[in-house]
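> Please find the sequence and the predicted model below.
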Amino acid sequence: MRLTRFTDLALRVLMRLAVTDAGAADLPTTRAVAATLEVPYTHTAKVVARLQHLGLVEARRGRGGGLALTAAGRAASVGGLVRGLEGAGDVVECEGAAPCPLRGACILRGALRRAQEAFFASLDPLTVDDLVAAPTGPLLLGISGGPPRGAQGP
């Protein structure tokens, strides 16, 4: 199974925001997150809008604005996120414009559906906060140029 680019980017945006202290004076903007992750701003803006709609990200406007991960975003199950972002589609397309002639008696479709669910289930115990444990979190901080979450200034 392969994740869509949208889901991949959504997970990376959540990880980037997870290493930022929500109370920080300089919250990252959508443009800054896009630059850090080296992806187009327009794609990142669409992902942020979806994550905001899901209640995982808060976007603040104006002075002191930027993006912050919500408590629900920090605690979100990666398996649940991937399920929700990927949708309920099958791994293979048995119906559609050119339906498979085996669809009525095929064992493969059910086996692939179970494999897909096993994939999601293996991600269920992980939270977004888990994804930024060392060594990932410090690496994200290094490429984003931000201070570690909870770090004290001079």
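Yep, it's here. Numbering: from 1, shown residues only.

> Figure out how far the helix ranked longest in the chain is from the centre of its chain.
Longest helix in the chain, counting residues (DSSP state H): helix 108-123. Remark: helix 108-123 is offset 20 Å from the chain centroid, using CA atoms, centre = their mean, to the nearest Å.

> any idea where the helices of the protein begin and end?
Going by DSSP H, the chain shows helices at 5-18, 30-37, 41-53, 71-75, 78-86, 108-123, 128-131, 136-144.

> Format those as a markdown table; extra columns: distance to residue 94, mean neighbour count and mean pLDDT.
Bear in mind the C-beta positions are built from the backbone N, C-alpha and C, glycine included. Below are the helices of the chain laid out as a markdown table (distance: least, CB to CB, whole Å; neighbours: other CB atoms under 10 Å; pLDDT from 0 to 100):
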| stretch | distance to residue 94 | mean neighbour count | mean pLDDT |
| --- | --- | --- | --- |
| helix 5-18 | 22 | 20 | 96 |
| helix 30-37 | 35 | 19 | 93 |
| helix 41-53 | 28 | 17 | 97 |
| helix 71-75 | 35 | 15 | 95 |
| helix 78-86 | 18 | 18 | 94 |
| helix 108-123 | 6 | 13 | 91 |
| helix 128-131 | 33 | 17 | 95 |
| helix 136-144 | 37 | 15 | 81 |
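
> Quick one: closest of those to residue 92.
Comparison of the helices of the chain against residue 92 by CB to CB identifies helix 108-123 as nearest, at 5.9 Å.

> Summarise which helices and strands the closest one is packed against.
Applying 3 or more CB pairs under 8 Å, 6 or more residues apart in numbering; DSSP states H and E, we find helix 108-123 packed against helix 78-86.

> what separates the helix it packs on from the chain centre, distance-wise?
On CA atoms, centre = their mean, the centre of helix 78-86 falls 8 Å from the chain's centre.

> Show residues contacting that helix.
3-4, 6-7, 10-11, 14, 50, 54, 56, 120-128, 130-131 (CB atoms under 8 Å, 6 or more residues apart in numbering).

> repeat that with 7 Å
3-4, 6-7, 10-11, 120-121, 123-124, 126-128, 131 (CB atoms under 7 Å, 6 or more residues apart in numbering).
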